[in-house]
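A.B. asks: When you get a sec, could you give me coordinates for this:
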Amino acid sequence: TDCNGSGGKHYFVKDTSRDDAWKLSTPGETGSFAVDGGVITHSSMITGKGVSVTNGSRFTMYNGTICGNDCSDNRGAGVEVHQGAFAMYGGAIKGNVTTDGGGVFVNGNAVFTMHGGEISDNRATESGGGVYVGSRNDYTTDAAAFTMTGGTISGNAVTGKAANGGGVYVGSEYGSEHSD
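C.D. replies: Coordinates of the predicted model:
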């Protein structure tokens with residue numbers, strides 16, 4: 001499925017009155033949402049993300065595509081998971097652009113599980129072109145987890161001077177950092 005509105009059955013396109021195309025976050029409450037197929041695309045603005053999962057909420061994606069999202073001055077253009085859970089069963093997260101975690105940003109007691117599919121052709125200017133896993137001092141020191149049991153992470157890049165982890169960045173601004 002492409003990101004231009006010509007190939008999928010269901011398109012979830014940016015509502016310009018909101019910062020995120022899909023945001024599951026209600027303080028004191030948890031939510032759950034599942035998508036089977038479709039395309040989540042063209043979110044933009046400072047905090048525009050394709051999907052943002054926070055505060056104990058859960059998002060499950062069966063196939064489908066999250067693509068073409070741009071939050072150049074923030075984190076997690078495709079998917080941001082902060083104190084929540086995201087499960088991916090096939091599909092693609094591709095062609096997203098941001099500062100950290102172009103495709104996926106997992107932070108602060110959050111879990112992202114990838115069961116097949118692809119995370120590809122995403123860009124970041126600082127760390128984790130494809131995937132960023134860790135903690136940022138402006139969020140929390142709580143651990144984050146990314147588990148991959150199939151699929152591919154390829155063609156992602158970081159473009160800044162202090163770039164870390166074109167494909168995957170795992171680390172913390174509090175301590176050691178590792179990147180591949």
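
A.B. asks: going forward, measure contacts between C-alpha atoms and count neighbours the same way
C.D. replies: Noted.

A.B. asks: can you list the weak-confidence ranges in this structure?
C.D. replies: Under the criterion pLDDT under 70, the flagged ranges of the chain are 1-30, 44-48, 135-142, 172-180.

A.B. asks: which residues are contacting stretch 119-126?
C.D. replies: In this structure, residues lying in contact with stretch 119-126 by CA atoms under 8 Å, 6 or more residues apart in numbering are 92-103, 129-130, 152-164, 166.

A.B. asks: Only whichever of those are buried, select them in ChimeraX.
C.D. replies: Of those, the buried ones go into a single ChimeraX selection, burial set by 16 or more other CA atoms under 10 Å:
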select :92,93,94,95,96,97,98,99,100,101,102,103,129,130,153,154,155,156,157,158,163,164,166
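
A.B. asks: For the nearest residue to residue 155 once chain neighbours are set aside, the count of nearby residues, please.
C.D. replies: Excluding its sequence neighbours, the residue lying closest to residue 155 (CA to CA, 6 or more residues apart in numbering) is residue 121, at 4.8 Å. Residues near residue 121, counting by other CA atoms under 10 Å, number 21.

A.B. asks: that older thread, from the contacts of stretch 119-126, which land in strands?
C.D. replies: Among the contacts of stretch 119-126, the members found in strands (DSSP state E) are 92-94, 97-100, 152-154, 157-158.

A.B. asks: so, if you compare those residues, which one comes nearest to residue 114?
C.D. replies: Lowest distance from residue 114 to those (CA to CA) belongs to residue 152, with 9.5 Å.

A.B. asks: Tell me which residues touch the residue lying closest to that closest one once chain neighbours are set aside, please.
C.D. replies: Nearest residue to residue 152, sequence neighbours excluded (CA to CA, 6+ apart): residue 118, at 4.8 Å. Residues counted as contacts of residue 118 (CA under 8 Å, 6+ apart) are 90-94, 151-154.

A.B. asks: which among those residues gets closest to residue 56?
C.D. replies: Among the contacts of residue 118, residue 93 lies closest to residue 56 (CA to CA), at 21.9 Å.

A.B. asks: ok, residue 153 to residue 49 distance?
C.D. replies: Note on residue 153: its distance to residue 49, by CA to CA, to the nearest Å, is 19 Å.

A.B. asks: Residue 165 now?
C.D. replies: Taken as CA to CA, the span from residue 165 to residue 49 is 20 Å.

A.B. asks: what about these two, which has more around it?
C.D. replies: Ranked by neighbour count (other CA under 10 Å), residue 165 and residue 49 place residue 49 first, with 37 against 24.
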